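Asker: Need a 3D model of the following:
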Amino acid sequence: MGLAHNLALGADWCNAARAFMMSVGCIQAQRCHTGTCPTGVTTQDKWRQRALVPEEQGQHAARFHRKTLEALADIVAACGFAHPQDLQPHHIMHRVGSHDSVPLDKLHPFLAEGVLLSDPDSTIYGDWWRAASSDSFRPVEDLVMLRASSV
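Answerer: Presented below is the predicted three-dimensional model:
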């Protein structure tokens with residue numbers, strides 16, 4: 001459902017790194033950065049890599065991918081569509097309590113197409129848009145200072 005959810009929100013691309021890691025045997029031991037992964041999935045240590053059999057885990061990953069796409073196709077078909085690009089926020093319901101659910105378009109604020117280019121300050125993202133740079137992930141301006149000066 002996460003894939004359909006993200007596509008309905010407008011994602012052009014969806015990644016599933018954690019899910020694929022688990023499909024090949026990751027147990028989320030949270031030791032990836034130490035080189036001591038107990039399943040051999042995230043280590044360069046040859047001894048630990050013995051647990052990783054690419055021919056076997058490759059089949060697991062392929063099956064996971066195939067089943068993920070089949071589930072997405074089922075959701076798209078249940079909505080009466082032929083392609084995932086037809087999904088829109090109002091097609092996906094999100095549970096907001098034990099008894100209630102709302103369509104995604106009522107849960108998230110959406111911007112008019114092109115507004116970040118034409119008038120970013122009219123949006124809730126104006127400060128972030130001005131602070132962004134295509135050259136770096138580091139903000140051009142200090143958002144804390146920027147917000148403090150605009151109050």
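
Asker: By average pLDDT, which secondary structure element in this protein comes out worst?
Answerer: Across the helices and strands of the chain, the lowest-confidence element by mean pLDDT, DSSP states H and E is helix 143-149, at a mean of 67.

Asker: Report the residue ranges of every domain in this protein.
Answerer: With domains defined by automatic domain parsing, the chain comprises 2-107, 115-149.

Asker: helices or strands up against the one helix or strand Ala4 maps to?
Answerer: Assigned by DSSP states H and E, Ala4 falls within helix 2-8. When contacts are defined as 3 or more C-beta pairs under 8 Å, 6 or more residues apart in numbering; DSSP states H and E, helix 2-8 packs onto helix 54-78. C-beta: built from backbone N, CA, C; applies to glycine.

Asker: What are the contacting residues of the helix it packs on?
Answerer: Helix 54-78 is contacted from outside by 1, 3-4, 7, 16, 19-20, 23-25, 82-84, 86-87, using C-beta atoms under 8 Å, 6 or more residues apart in numbering.

Asker: helices or strands up against the helix or strand just after the helix holding Ala4?
Answerer: Next helix or strand after helix 2-8 toward the C-terminus (DSSP H and E): helix 17-23. If you count contacts as 3+ C-beta pairs under 8 Å, 6+ apart, helix 17-23 packs onto helix 54-78.

Asker: buried sites along the helix it packs on?
Answerer: Buried residues in helix 54-78, defined by neighbour count with 16 or more other C-beta atoms under 10 Å: Gln57, Ala61, Phe64, Thr68, Leu72, Ile75, Val76.

Asker: And the nearest residue to Ile124 once chain neighbours are set aside, what's its pLDDT?
Answerer: In space, and not counting its chain neighbours, Ile124 is closest to Pro109: 6.6 Å by C-beta to C-beta, 6 or more residues apart in numbering. The model reports Pro109 with a pLDDT of 82.

Asker: Quick check, Pro109 in contact with Pro89.
Answerer: No - the criterion here is C-beta atoms under 8 Å, and Pro109 misses it with Pro89 at 10.8 Å.

Asker: of the two, who's got more company?
Answerer: Pro89 (17 against 8; other C-beta atoms under 10 Å).
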